[in-house]
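Enquirer: next input, structure requested:
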Amino acid sequence: MSIKEYIQSNGDRFLEELISLLRIPSISQKQENKADMVACANKWVELLQASGVDKAVVMPTAGNPVVYGEKLLSKDAPTVLVYGHYDVMPPEPLELWKSSSFEPVIHDGRIWARGADDDKGQSMTQVKGFETALKLGLLRVNVKFIIEGEEEIGSPSLEAFCIQHKDLLKADVILVSDTSMVSPETPSLTTGLRGLAYWEVEVTGPNRDLHSGHFGGAVANPINTLCKLLSDVTDADGRITIPGFYDDVEEVPAAEREMIVKVPFDEAKYKAAIDVNELFGEKGYSTLERNSCRPSFDICGIWGGYTGEGAKTVLPSKAHAKVSCRLVPHQDHKKIEKLFADYLTQVAPASIKIKVTALHGGQGYVCPIDLPAYKAAEKAMGIAFGVTPLAVRRGGSIPIISTFEQVLGVKTVLMGFGLEQNAIHSPNESFPLDYFYKGIETVAEFYNNF
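Expert: Model (predicted):
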C-alpha cells in the first residue's frame, strides 16, 4: 500500500480524531479552562497511543501539563523530536463566528473551529504522518513527541521543563508544524524567524500636571520629549540609530535572497489590502526582506496627558510608550535590551527623567537549507504538493524554537501547512482538508526520506 492509499483509506478516521480534539476548549489564557487543558492533554495521550507510540504520558510543569510520547526503534538510529501545542487562543468575539467555535463543522472543503490550524490541525498532520510511516514500514528513526499547553501565552513553563528533562528530549533534529506557507500555489518551508525585544518607556517631567498657559514654553513637556527621543531611533533611510545595534546582524546568503525574489508578491495589492499609498522601510532591501530578515523598530503604543472629551490645557507630568524591536538571528535580545536602555538614557535631556523597563524578549532562529533534515523535508513537500517548496524567512517570532536550540543543542525544521486565509487567532479559523491530508503525506514522506 502506498502512502496516498493509506491516507485515503484512513482519512475519515483521521478527521474524526481531529474533531475530538477541536471540541475541547483548551484555552490557556483562562483559569476557567484549566480542566479542559488536562482533558485535552489526556486526549492527546489516547491519540498518540492509537497511532503506535510505545509510550505516551502527561507530565507536569509549573503551569499546564506537557504530553510526551515516544517510539524508539534503535539506540543507533537518529531521533526526531516533534513539537506541537494543544492550547488555543480565546475565540472572542463570539458574535463574528459563523458556527460554534468549539463545535467543528465541515463545509467548502474546510474544517472550521478554533485550533483547526493553530495548532491542533497541524499537530495532527505530524501524528498521523508518523502513524502512516510506521504502519507502512517506512520509519527508520526514533520519534519523540512533546506537545505543550502554553504556547499561546509564551511557553513560560517549557524552558524549565526542557532543562529538567534534557536527557529524555535528546534528539538529532526537531520537527515543527506551526507555521504557514506563502500561498496555495507556492508551498514553502520556514527557514528563519525574527527575535523580539519589548520595552516600556516612562518619561517624567514636573512633579504634577501643569497649566500649559502658565508653564508652556518654560518647562519641558514629557510627551514632546518622548516623541522626539523615539522618532530619532530611526533615520530617514529606515536605519536604527542605536550604536552597536547592527553589530551581530546576519546578512542573508545570496541563495536565500534569490528565493525571496521568487516569492509571488504584488506590491499594489499589498498596499491596497492595508490601505496605504506608499511603503517605507530600510533602504537597500525589498519589502519581503524588510519584513522577514531585517530588524525593525516600532512604537506599539504611546500615551500621556489629557485624552478625554473636549479640551484641557495641560502640560502633563508623565508620558509613556511601549516599543518593540524585531530582531534577526544572532542578535541577542538581552544585549539589544541593554543597548536601547543605555542609548535613551544617554540622549535624554536633563529636563526630564527617563525609565526604560524590558518587558519581554526572545531570540531569532535560522535553519540552514543544507541541513539533511531540511533536505528531507524539502523533498517530502515537493512529492506531496507537486512543487519544490521555497525557503522563506518569516517576520514573526516563536521564542521556544530558539530555546530548543540553546537548551537541547539541536536545529528545528519548520514544516508548516497553514495559509493566511485560515484566520488563526481570529473568528472563523479553518483548515483546508486537502492541506490536512497533504500535510500528513508530507510528514510520512519525510520519514521515508530521512
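
Enquirer: show me what the helix or strand where residue 127 lies is packed against.
Expert: Assigned by DSSP states H and E, residue 127 belongs to helix 120-135. The helices and strands touching helix 120-135, judged by 3 or more CB pairs under 8 Å, 6 or more residues apart in numbering; DSSP states H and E, are helix 3-22, helix 34-51, strand 79-85, strand 142-148, helix 433-449. Bear in mind the C-beta positions are built from the backbone N, C-alpha and C, glycine included.

Enquirer: centre of the chain to it, how far?
Expert: Mean C-alpha position of helix 120-135 versus that of the full chain (CA atoms, centre = their mean, to the nearest Å) differs by 21 Å.

Enquirer: buried set for that helix?
Expert: Using 16 or more other CB atoms under 10 Å as the test for burial, helix 120-135 gives 120-134.

Enquirer: over to stretch 272-289?
Expert: 282, 285-286, 288-289.

Enquirer: and the end-to-end length of stretch 261-279?
Expert: 18 Å (CA to CA, to the nearest Å).

Enquirer: so for it, mean pLDDT?
Expert: Averaged over stretch 261-279, pLDDT sits at 92.

Enquirer: contacts for that stretch?
Expert: Stretch 261-279 is contacted from outside by 182-183, 185-186, 188, 286-288, 390, 392, using CB atoms under 8 Å, 6 or more residues apart in numbering.

Enquirer: show me these that map onto strands.
Expert: Mapping the contacts of stretch 261-279 onto strands (DSSP state E) picks out 188, 390, 392.

Enquirer: could you dump the residues you listed to JSON lines with pLDDT?
Expert: Below are the ones in strands among the contacts of stretch 261-279 laid out as JSON lines (pLDDT from 0 to 100):
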{"residue": "188", "pLDDT": "96"}
{"residue": "390", "pLDDT": "93"}
{"residue": "392", "pLDDT": "92"}
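
Enquirer: how about those in TSV, adding neighbour count and distance to residue 247?
Expert: Listed next are those as TSV, based on neighbours: other CB atoms under 10 Å; distance: CB to CB, whole Å:
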residue	neighbour count	distance to residue 247
188	25	30
390	19	30
392	25	26
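
Enquirer: of all those, which comes closest to residue 45?
Expert: Distance to residue 45 across the ones in strands among the contacts of stretch 261-279 (CB to CB) is lowest for residue 188, with 32.3 Å.

Enquirer: shouldn't that closest one be in contact with residue 182?
Expert: Yes: Residue 188 is in contact with residue 182 according to CB atoms under 8 Å; the separation is 4.5 Å.

Enquirer: who touches both of those two?
Expert: Counting by CB under 8 Å, 6+ apart, the residues touching both residue 188 and residue 182 are 263, 390, 392.

Enquirer: from these, which is closest to residue 112?
Expert: Using CB to CB, those come closest to residue 112 at residue 392, 26.7 Å.

Enquirer: so how far is residue 117 from that closest one?
Expert: 18 Å (CB to CB, to the nearest Å).

Enquirer: follow-up on the earlier one: among the helices and strands packed on helix 120-135, which is nearest residue 224?
Expert: Closest among the helices and strands packed on helix 120-135, using CB to CB: strand 79-85, at 44.0 Å.

Enquirer: the closest one: which residues count as buried?
Expert: 79-85.

Enquirer: that older thread, same list, the helices and strands packed on helix 120-135, but as JSON lines with mean pLDDT and distance to residue 248 please.
Expert: Below are the helices and strands packed on helix 120-135 laid out as JSON lines (pLDDT from 0 to 100; distance: least, CB to CB, whole Å):
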{"stretch": "helix 3-22", "mean pLDDT": "98", "distance to residue 248": "40"}
{"stretch": "helix 34-51", "mean pLDDT": "98", "distance to residue 248": "38"}
{"stretch": "strand 79-85", "mean pLDDT": "98", "distance to residue 248": "26"}
{"stretch": "strand 142-148", "mean pLDDT": "98", "distance to residue 248": "29"}
{"stretch": "helix 433-449", "mean pLDDT": "98", "distance to residue 248": "32"}
